[in-house]
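Enquirer: Give the three-dimensional model of this entry:
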Amino acid sequence: MKERLFLILAIILIMPSVFAAMTLDPLVKTEYNIGDEVLFSGSVEAEKEFDGYFEISFVCGSTSTTLPRVQLYMTEGQKKMFPSDIIIPKITTSSTMVGSCSIKVSLIESGIVKESKTTSNFIVSKDLKGSNFNLDKTRLQVGTEFTLSGIISKLDNQNVDGSAEVYLEIKNGSSGELFLGTTSINAGRIDFKYKTTAIPAGNYGIKIVARDLFANQQTFDDVSQFELTDQLNLNVKIDFPDTLPGKTINVVGDIKNIFLESIKEGNIEVKFNDNSYKSRFQDGIINIPITIPGVIKTGKHTAYVKVDDGTGNKAIRELTITVNPIPTALVGVMNSKEQEPGSLVEVTPVLYDQANDVMPGDVIIEIYDPDHNLLYKETRYVNTKSSYTLNTLAPPGSYTLKLSHGSLITEDIFQVSSVTNLDIKLENQTLVVTNIGNIAFRNILYLDFNSGQVKVDQKIGLEPGESTLIILSDLVETGTYNIIAKYDNTEKRFSGVFIEGKKKLKLNVFYIIFLILIILIVIYLLVLKNRKPFRIKLSKFLDKESKSDKSREDKPMIRREAEAKSNFRRFGKADDKDIEYFKNKANRKFGKADNKDVEYFKNKVVEDIKQVQKFGENKRGSYFVKDSNSRNGEKKQLFNMFD
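Expert: Below is the predicted model of the structure:
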């Protein structure tokens, strides 16, 4: 138990006692020059009574500089701000404080550090900053004075006072320096003037070595450059810099010295396109004509102008002359001159200039059919492909390709071939045949059902784009078929096609037709009974009632009414009732039969045959005929001729 008490007491004694809470604010700057004041702030809050010292140390690397201590007394819970409540010493950087530094703040009581804090690192440097360096002239003639100006400041952009040394750095392919002199720095500004006497012509750079009053120093290399030359000031131009082949243009301008004074006289030479043009100038005025060759490359060309004043001063200039193209040839490059209907015609226009080089420009592309109808028109930039799809029904023949660029027009011919082609589709047991060729189709379409089970030769006559229908149900009986439609060397196949076709006419149908004819003859004979020969009037034959009782013997019979109504009369063997029935039906007045009566009788026979086909399949050998006057109570009977 005693051992535990001693252990707890030891821990309490070992643990440090916190007398105050200290806070440091972030530094205002992170870079300082020698001679700058370092400002920082913070606060101290005592957790219990404190009577000691406030100490500041300046730490740079392994070197620490301690400033004089400040006596500090604080009651429990009291909070003080520094530098407002706690007056701290002024911190100024010195030449020994260079590099990465920080400030350490400590609270010391009875020789013991009770609390300490350290700021973030900051840089102390001797470097200076330079800006706005300017040389009033960048091109000088020997003997010309120049002025150099600029601003020198510390790292925090505060201008300095001090001095500057000015050097010339030789740039003519060799190294070396020329010391020009020293100038003062007042409120950060440099103003240095120098006359270029006895300095050889060449290119130079300027170097400045600046120092302030606190020994901060910076070397500024190549702050500005200038050219010292013995050249004259030549100001020339081309009166028409954009020109055409074969034109004459002039080089015009003036020549002056570096002080813009006109040169009284001298020589001028212009070299252009391997030709040389020489002349003399007076009073600094230049005007010399040159001729552009007729065959010259399109684009920019350089003219070299050289002048001298006869005393060693000279000037050379380069002038740019732009030669614009003259279109001389226009060609349309096609993907093919043999085309088919529906094919893609691709045309790339190419325009050539006076030097037979491709030149820029827009080209109008037109395509005409053999009848000179405009099919296509588009404006395209040269060397840009233009595409036109021919109509699938485009007629064969010679088509014209016309290209235009201004007044330059060229034409070319391409051919569209003849194409024979059918599009055959199956739609609801019907073949839809369309002529998708570009010429008329006059040929036979061979239809094969189930490998020769049925063969049909169908004559087809279609103009381009026309269609016709082939109803398959009219060609074959009901069934499933594999169909081949063939023309020339082309065939189209359709597999497993179900066709609800025509029904096979059975043998007994012909006998039924024959029976109907016999019945009609019997009726005819019954009607003619007790009538004058060849005076049968059929216009009222089998009608229920006669429209009039008047005699119409001498009038032609005209059939105006439809056949008897809807009931079918069945035919079996004629009995007495049947004979009486037909007598009553035939008890009409008839005139002489004319052509309309004969036509009616023919139509009646055809209608009876159709009735047989329609109803005869219900029961073999059975035929039902409607009769509105069928006997009451009598059941329908079947006349079976062959059962």
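
Enquirer: Tell me where the chain has helices.
Expert: All helices of the chain, identified by DSSP state H, fall at 2-14, 507-528, 576-586, 595-615.

Enquirer: Could you check the pLDDT of the closest residue to residue 200 other than its chain neighbours?
Expert: In space, residue 200 comes closest to residue 228 once its chain neighbours are excluded; the distance is 7.5 Å by Cβ to Cβ, 6 or more residues apart in numbering. C-betas here are computed from N, CA, C, even on glycine. Here, the pLDDT recorded for residue 228 equals 83.

Enquirer: beta partners of residue 228?
Expert: Beta bridges link residue 228 to residue 140, residue 202 when assigned by DSSP bridges.

Enquirer: rewinding a little: which one of the helices of the chain has the lowest average pLDDT?
Expert: helix 2-14 (a mean of 46).

Enquirer: can you pull the contacts of the spatially closest residue to residue 69 that is not a sequence neighbour?
Expert: Using Cβ to Cβ, 6+ apart and skipping residues adjacent in sequence, the residue nearest residue 69 is residue 53, 4.1 Å away. Contacts for residue 53 were tallied using Cβ atoms under 8 Å, 6 or more residues apart in numbering; they are 69, 70, 71, 72, 107, 108, 109.

Enquirer: and those residues, which are buried?
Expert: 72, 107, 108, 109 (16 or more other Cβ atoms under 10 Å).

Enquirer: Show only the entries of those found in strands.
Expert: Of these, the ones assigned to strands by DSSP state E are 72, 107, 108, 109.

Enquirer: quick one, what contacts the third one?
Expert: Meaning residue 108. 52, 53, 55, 69, 114.

Enquirer: got it, and the second one?
Expert: Taking Cβ under 8 Å, 6+ apart as the definition of contact, the neighbours of residue 107 are 19-20, 22, 44, 50, 52-55, 72, 113-116.

Enquirer: pLDDT value on it, please?
Expert: Reported pLDDT for residue 107: 92.

Enquirer: wait, isn't residue 417 in contact with residue 337?
Expert: No. Residue 417 sits out of contact with residue 337 when judged by Cβ atoms under 8 Å, with a separation of 11.2 Å.

Enquirer: hmm, back to that, which among the contacts of residue 107 end up buried?
Expert: Buried, going by 16+ other Cβ under 10 Å: 19, 20, 22, 44, 50, 52, 53, 54, 55, 72, 114, 115, out of the contacts of residue 107.

Enquirer: and the two most separated of those residues?
Expert: Maximum pairwise distance in the buried ones among the contacts of residue 107, criterion Cβ to Cβ, is 14.3 Å, between 19 and 55.

Enquirer: OK, contacts around the closest residue in space to residue 277 that isn't next to it in sequence?
Expert: The shortest distance from residue 277 to any non-neighbouring residue, by Cβ to Cβ, 6+ apart, is to residue 270 (4.4 Å). Shown in contact with residue 270 (Cβ under 8 Å, 6+ apart): 251, 276, 277, 278, 288, 290, 303, 304, 305, 306.

Enquirer: partner residues bridging residue 270?
Expert: Going by DSSP bridges, residue 270 forms beta bridges with residue 277, residue 305.

Enquirer: Against residue 499, how distant is it?
Expert: Between residue 270 and residue 499 the distance is 94 Å, computed by Cβ to Cβ, to the nearest Å.

Enquirer: Now the residue nearest to residue 246 when sequence neighbours are not counted, what are its backbone angles?
Expert: For residue 246, ignoring the flanking residues on the chain, the nearest one in space by Cβ to Cβ, 6+ apart is residue 294 at 4.5 Å. Residue 294 has phi and psi values of phi -70, psi -30 when expressed as degrees, to the nearest 10.

Enquirer: For residue 451, the count of nearby residues, please.
Expert: 9 (other Cβ atoms under 10 Å).

Enquirer: does it really touch residue 482, like I thought?
Expert: Yes. Look at residue 451 against residue 482 with Cβ under 8 Å: they come within range, at 7.0 Å.

Enquirer: if we can go back for a sec, what separation do you get for the residue nearest to residue 277 and residue 279?
Expert: 8 Å.

Enquirer: what sits in contact with each of those two?
Expert: By Cβ under 8 Å, 6+ apart, the residues touching both residue 270 and residue 279 are residue 288.

Enquirer: re the thing from before, out of the contacts of residue 107, show me where the pLDDT dips lowest.
Expert: For the contacts of residue 107, the pLDDT minimum is residue 19, 56.

Enquirer: Below-threshold pLDDT in the stretch 101-250 of the chain: ranges please.
Expert: 143 (pLDDT under 70).

Enquirer: so residue 346 touches residue 386, yeah?
Expert: Yes. If you go by Cβ under 8 Å, residue 346 and residue 386 touch, sitting 7.2 Å apart.

Enquirer: Of those two, which one has the most company?
Expert: The residue with more neighbours, out of residue 346 and residue 386, is residue 386; 18 against 13, by other Cβ under 10 Å.

Enquirer: So what sits opposite that one in the bridge?
Expert: Beta-bridge partners of residue 386, as defined by DSSP bridges: residue 347.

Enquirer: ok, now which ones touch it?
Expert: Residue 386 neighbours (Cβ under 8 Å, 6+ apart): 346, 347, 348, 349, 365, 378, 380.

Enquirer: how much space is there between the third one and residue 298?
Expert: It refers to residue 348. 20 Å.

Enquirer: And the strands in the stretch 401-550 of the chain, which stretches?
Expert: Along the stretch 401-550 of the chain, counting by DSSP state E, counting those that start in this stretch, strands occupy 408-416, 422-427, 430-435, 441-449, 454-462, 467-471, 479-487, 490-499.

Enquirer: Would you mind giving those strands as JSON lines with mean neighbour count and mean pLDDT added?
Expert: JSON lines is the format used below for the strands of the stretch 401-550 of the chain (neighbours: other Cβ atoms under 10 Å; pLDDT from 0 to 100):
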{"stretch": "strand 408-416", "mean neighbour count": "15", "mean pLDDT": "95"}
{"stretch": "strand 422-427", "mean neighbour count": "15", "mean pLDDT": "92"}
{"stretch": "strand 430-435", "mean neighbour count": "19", "mean pLDDT": "94"}
{"stretch": "strand 441-449", "mean neighbour count": "17", "mean pLDDT": "93"}
{"stretch": "strand 454-462", "mean neighbour count": "13", "mean pLDDT": "92"}
{"stretch": "strand 467-471", "mean neighbour count": "14", "mean pLDDT": "93"}
{"stretch": "strand 479-487", "mean neighbour count": "17", "mean pLDDT": "93"}
{"stretch": "strand 490-499", "mean neighbour count": "13", "mean pLDDT": "92"}
